[in-house]
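**Q** Predicted model follows, preceded by the sequence.
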Amino acid sequence: MSSNKPTFELTRRGFMAGTAGFGVMSAAGLIGMPALAADEKPKKGGVLKLGIGGGSTTDNFDPRILKDWVPVNQAYMVMNGLVEIDANNNAVPELFESWETKPGAVEWTFKVRQGVTFHNGKSLTADDIIYSLNLHRGETSSGARSVAAQFADVAKVSESEIKITLTSGNADLPYILSDYHFLVVPDGWTDFNKPVGTGPFVYDTYQPGVRARFKRNESYWKPNAAWVDAVEVIVINDISARTNAMMSGQVHAINQLDFKTVDLLKRNPNLNIVQSAGGQHFTFLMDCTHAPFTDNNIRLAVKHAIDREQLLKTALRGYGRIGNDHPIPSTDPFYAADLPQRPYDPEKSKFYLKQAGLDNLKLTLSASDAAFSGAVDAAAIFRTGAAASGIDVSIKREPADGYWDNVWMKAPFCMSYWGGRPTADQMLTIAYSSTSAQNDTHWKNEKFDAKLLEARALLDNQKRKEIYAELQGLISNEGGAMIPMFGDYLDATSKKLKGVTTHPMFNFMGARLAEKVWLES
């Protein structure tokens, strides 16, 4: 068995990775980075300065509670995952060196990479990985709890091998283990304000929600990585300030560009714009346990009251695609292409209000650009469109700092985003299964849970596709998330920064930019 391909690569996974990778990268390649010139060889040295939006004073490095761009990027600087998603949407080995499964994909054996050392000098063993996986199992606040619930047993075979037994078969397990929550810390580690990992950089200084500094790990196990001497992260949640920092040369890269200023930034001869298409989608969340959203008629009234075309054109300036109130992008091989697109229809919205016994409705929408760049503008566009349906929307502007702790999953009607996941099963499980700690609409549906479990164990892709289409329909027609649009990942980088590529997973090359790029001398 090759060290970088699971044994079933040419069966299910060959189809999944090939199809998904082709769709994603074809879209991303429309506007991407130019290919590296032959003489652009990586160089060591320099301090990489990143201006990142998506940070809070409540952040830390606990893998269980990573929620936003700053903590996820910083965590990947210090820690490694078990499996990485590459630029073609393939699952490739990281701290798991290789893997194989028995027929049925219930019992999996993983080889632990040898010769890897934590920043404190401890050698990586199977015990560290088992401890890190168990952080997300059982009674835990982990965002990966619902995903880890599939692990019936995680057992040590030897110092260099572990066995994961699932509750039912899942050929997607290597993809599941790429989740950014499954980062590896030493066995028994609990001090997540001062993290120790095996990653490309070592924790130096840290002010949550303000700034952080990381020094190169001189004994990093990956070849051709960690080129810069240090990384400085400056948290800049305000998009205008972030853009100004980029324009003035204070930082080498920024994430989450303002969709309204992308075309202007493209004219700057000192900058590159990195545009990647993927599963990022923007959501209006209705708490299904909180009146009036306990009534699906109200949820449907809201879903018909938004002008998606106008939103895409105005809020995203066309840098994305229309959404249909479910989280699976059109680039996914299991996308439900036959599901009718929900239109903007004030009359149908009024019909559903009447079904709920109402002639009009007043709602308060909690909004902040912490949710996504342009979220407050999107809220205003929704308010205007919803008025024709008899829905009066008041916008409550929330501060960016603390948004994910104080508003998300607490306010009955608020805005959010998802970065997408590499497989349909992972996206549906983590955001919509009844037991997920990140089910942010609090929607529970027994039929959905049962069908999700059924699809996960199937190796017949056509049958699986049929079930996933049914699940997308359930979310679209009954769920609490209004998902009007998918947005491209948009970053800006200095032309002095080399090695940057597009990526189907998240901004900043799947949140791993720091370890892969280098600075021009």
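**A** Nice, thanks for sending it over. Numbers count the residues shown, from 1 in each chain.
**Q** in the helix or strand Val92 falls within, what's buried?
**A** Val92 belongs to strand 91-93 when assigned by DSSP states H and E. Neighbour-count burial for strand 91-93, counted by 16 or more other Cβ atoms under 10 Å, picks out 91-93. In this view, the C-beta of every residue, glycine as well, is placed from N, C-alpha and C.
**Q** Likewise for stretch 128-135?
**A** Under 16+ other Cβ under 10 Å, the buried positions of stretch 128-135 are 128-133, 135.
**Q** could I get these as TSV with pLDDT, distance to Ser146 and secondary structure?
**A** Below are the buried residues of stretch 128-135 laid out as TSV (pLDDT from 0 to 100; distance: Cβ to Cβ, whole Å; DSSP: H, G, I helix; E, B strand; the rest coil):
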residue	pLDDT	distance to Ser146	secondary structure
Asp128	98	23	helix
Ile129	98	20	helix
Ile130	98	20	helix
Tyr131	98	20	helix
Ser132	98	17	helix
Leu133	98	14	helix
Leu135	97	14	coil
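**Q** out of those, who's nearest Met509?
**A** For the buried residues of stretch 128-135, the minimum distance to Met509 (Cβ to Cβ) is 23.0 Å, reached by Ser132.
**Q** Contacts made by stretch 314-325 with the rest, please.
**A** 259-260, 262-263, 275, 277, 281-282, 303, 308-309, 312, 329-330, 339, 341-342, 374, 377-378, 381, 472, 475-477, 479, 481-488, 490 (Cβ atoms under 8 Å, 6 or more residues apart in numbering).
**Q** Among these, name the ones in strands.
**A** 275, 281-282, 481-487, 490 (DSSP state E).
**Q** Kindly indicate which of those lies nearest Gly499.
**A** Gln275 (17.1 Å).
**Q** Double-check that Ile298 belongs to a helix.
**A** Yes - using DSSP: H, G, I helix; E, B strand; the rest coil, the assignment for Ile298 is a helix.
**Q** these two touch, right, it and Ser349?
**A** No - between Ile298 and Ser349 there is no contact under Cβ atoms under 8 Å: 10.1 Å.
**Q** shared neighbours, these two?
**A** What both Ile298 and Ser349 touch, as defined by Cβ under 8 Å, 6+ apart, is an empty set.
**Q** ok so, going back, just send the buried residues of stretch 128-135 back as CSV, with distance to Lys463 too.
**A** Converted to CSV, the buried residues of stretch 128-135 look like this (distance: Cβ to Cβ, whole Å):
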residue, distance to Lys463
Asp128, 38
Ile129, 33
Ile130, 34
Tyr131, 37
Ser132, 34
Leu133, 30
Leu135, 34
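**Q** And those residues, which is closest to Ala75?
**A** Nearest to Ala75 out of the buried residues of stretch 128-135 is Ser132 (Cβ to Cβ; 12.1 Å).
**Q** Pretty sure that closest one sits against Val185.
**A** Yes - Ser132 is in contact with Val185 according to Cβ under 8 Å; the separation is 5.6 Å.
**Q** shared neighbours, these two?
**A** Pro63.
**Q** I'd like the distance between Thr384 and Ser366.
**A** According to Cβ to Cβ, to the nearest Å, Thr384 stands 18 Å off from Ser366.
**Q** Out of these two, name the residue with the larger neighbour count.
**A** Using other Cβ atoms under 10 Å as the criterion, Thr384 and Ser366 rank with Ser366 on top: 22 against 12.
**Q** So what does that one have for phi and psi?
**A** Main-chain torsions, Ser366, degrees, to the nearest 10: phi -80, psi 120.
**Q** Quick check, it in contact with Lys396.
**A** Yes - here Ser366 reaches Lys396: they are 4.9 Å apart, a contact under Cβ under 8 Å.
**Q** shared neighbours, these two?
**A** Common neighbours of Ser366 and Lys396, counting by Cβ under 8 Å, 6+ apart, are Ala411.
**Q** Centroid-nearest residue for this structure?
**A** Gly419 (3.0 Å; Cα atoms, centre = their mean).
**Q** My understanding was that that one contacts Phe508; is that so?
**A** No - applying Cβ under 8 Å, one finds Gly419 not in contact with Phe508, separated by 11.1 Å.
**Q** Pull the contacting residues for Tyr104.
**A** Careful, residue 104 is Gly; it's not Tyr. Gly169.
**Q** scratch that, Val235 is what I was asking about
**A** 52-53, 55, 70, 209-211.
**Q** ok, residues contacting the helix or strand where Leu285 lies?
**A** If you go by DSSP H and E, Leu285 is part of strand 281-286. Residues outside strand 281-286 that contact it (Cβ under 8 Å, 6+ apart): 293, 298-299, 302, 306, 323, 327, 329, 365, 371-372, 375, 378, 382, 408-409, 412-418, 420, 440-441, 480-487.
**Q** Next, the angle strand 481-487 makes with that strand.
**A** 160 degrees (axes from the mean of the first three to the mean of the last three Cα atoms, to 10 degrees).
**Q** Name the strands paired with strand 281-286 and say parallel or antiparallel.
**A** strand 413-418 (antiparallel), strand 481-487 (antiparallel) (DSSP bridges).
**Q** hey, which of those is tucked in deepest?
**A** strand 481-487 (a mean of 25; mean count of other Cβ atoms under 10 Å).
**Q** in this structure, which segments are predicted with low confidence?
**A** 1-39 (pLDDT under 70).
**Q** all strands of the stretch 201-350 of the chain, in order?
**A** Listed in chain order, the strands of the stretch 201-350 of the chain (DSSP state E, counting those that start in this stretch) span 201-207, 211-216, 230-235, 253-254, 271-276, 281-286, 320-322.
**Q** now the ones you listed in a markdown table, with distance to Ser436?
**A** Below are the strands of the stretch 201-350 of the chain laid out as a markdown table (distance: least, Cβ to Cβ, whole Å):
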| stretch | distance to Ser436 |
| --- | --- |
| strand 201-207 | 29 |
| strand 211-216 | 29 |
| strand 230-235 | 28 |
| strand 253-254 | 31 |
| strand 271-276 | 26 |
| strand 281-286 | 14 |
| strand 320-322 | 25 |
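**Q** Buried deepest among the ones you listed, which one?
**A** strand 253-254 (a mean of 28).
**Q** Neighbouring strands of it in the sheet, and parallel or not?
**A** By DSSP bridges, strand 253-254 pairs with strand 47-52 (parallel), strand 489-494 (antiparallel).
**Q** what sits against the closest residue to Ile381 other than its chain neighbours?
**A** Closest residue to Ile381 apart from its sequence neighbours, by Cβ to Cβ, 6 or more residues apart in numbering: Leu311 at 5.3 Å. Neighbour list for Leu311: 378, 381-382, 484-485 [criterion: Cβ under 8 Å, 6+ apart].
**Q** Spatially, what comes nearest to Tyr180 if we skip its sequence neighbours?
**A** Val72 (5.3 Å).
**Q** and the one you found, that's in a helix?
**A** Yes - per three-state DSSP, Val72 lies within a helix segment.
**Q** Against Asp86, how distant is it?
**A** 17 Å.
**Q** for Trp99, same thing?
**A** Distance from Trp99 to Asp86, by Cβ to Cβ: 16 Å.
**Q** Pick out whichever of those two has more residues nearby.
**A** Comparing Trp99 with Asp86 by other Cβ under 10 Å, the one with more neighbours is Trp99, at 23 against 16.
**Q** May I have the helix or strand containing the more buried one as PDB, with CA atoms only?
**A** Following DSSP H and E, one finds Trp99 within strand 96-101. Presented in PDB, the C-alpha positions along strand 96-101 are these (Å, rounded to 0.1, in the frame of the first residue of the first chain):
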ATOM      1  CA  PHE A  96      -1.400   9.500  10.000                       C
ATOM      2  CA  GLU A  97       1.200   8.100   7.600                       C
ATOM      3  CA  SER A  98      -1.100   5.600   5.900                       C
ATOM      4  CA  TRP A  99      -4.300   3.700   6.400                       C
ATOM      5  CA  GLU A 100      -6.300   0.700   5.300                       C
ATOM      6  CA  THR A 101      -9.700  -0.700   6.000                       C
END
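**Q** Check which element follows it along the chain.
**A** strand 107-112.
**Q** All set, thanks.
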